[in-house]
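A.B. asks: Need coordinates for the below:
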Amino acid sequence: QGNMAFAGKYEFESDENYDDFVKKIGLPSDKVEMGRNCKIVTEVVQNGNDFTWTQHFPGGRTTTNSFTIDKEADMETMGGKKFKATVKMEGGKIVAEFPNYRHTVEISGGKLVEISTCAGVVYKRTSKKIA
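C.D. replies: Prediction:
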């Protein structure tokens, strides 16, 4: 697999503990409804340790985070808050500390598996590769 394992386009397939998680992180209710079972398409462009991570939401809204492994970057949360984070690579997983949760991403069985943990609540989102 090597370092290029993440590049591609992935479409939301399933998630677990969405409601508990978004309540924990204090996502506003309009954003909660918007994100529920949302067919988010995640597009990952990878060049060595440089990543551009774009999420396309139904209705044309997109958020993009660009980062380099082990370098501080300006990022945006799913609620639209800006923050700084240093993204790490740990055992083939991308790990980022968001302001109020820890986010890991890995490729497992050809799928993009994202896990966010906040105060003991684990939110898991799985996306299938479409390109």
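A.B. asks: Name the next helix or strand downstream of the worst-scoring helix or strand of the chain on mean pLDDT, please.
C.D. replies: Lowest on mean pLDDT, DSSP states H and E among the helices and strands of the chain sits helix 29-35, with a mean of 81. Using DSSP states H and E, the helix or strand that follows helix 29-35 in sequence is strand 41-47.
A.B. asks: Any buried residues in whatever helix or strand comes next after that next one, and which?
C.D. replies: Downstream of strand 41-47, the next assigned helix or strand under DSSP H and E is strand 50-56. Neighbour counts over strand 50-56 (16 or more other C-beta atoms under 10 Å) mark 51, 53, 55-56 as buried. Any C-beta I mention is one placed from the backbone N, CA and C, and that applies to glycine too.
A.B. asks: got a list of what the residue lying closest to Y101 once chain neighbours are set aside touches?
C.D. replies: Closest residue to Y101 apart from its sequence neighbours, by C-beta to C-beta, 6 or more residues apart in numbering: C118 at 3.8 Å. Contacts here follow C-beta atoms under 8 Å, 6 or more residues apart in numbering; on that basis C118 touches 21, 24-25, 100-102.
A.B. asks: hmm, back to that, what's the spacing between the least confident helix or strand of the chain and its chain's center?
C.D. replies: Relative to its chain's centre, helix 29-35 lies at 16 Å (C-alpha atoms, centre = their mean, to the nearest Å).
A.B. asks: With stretch 77-85 instead?
C.D. replies: 11 Å.
A.B. asks: who touches it?
C.D. replies: Contacts of stretch 77-85 (C-beta under 8 Å, 6+ apart): 25-28, 31, 35, 63, 67, 72-76, 96-99.
A.B. asks: Nearest residue to T86 in space, please, no chain neighbours.
C.D. replies: That would be E72: by C-beta to C-beta, 6+ apart, it lies 4.9 Å from T86.
A.B. asks: For N65, see how far away that neighbour is.
C.D. replies: Using C-beta to C-beta, to the nearest Å, we find E72 at a distance of 13 Å from N65.
A.B. asks: Which residues are in contact with the residue positioned nearest the centre of the chain?
C.D. replies: The residue lying closest to the centre of the chain (C-alpha atoms, centre = their mean) is E114, at 5.8 Å. Residues near E114 by C-beta under 8 Å, 6+ apart: 103-105, 124-127.
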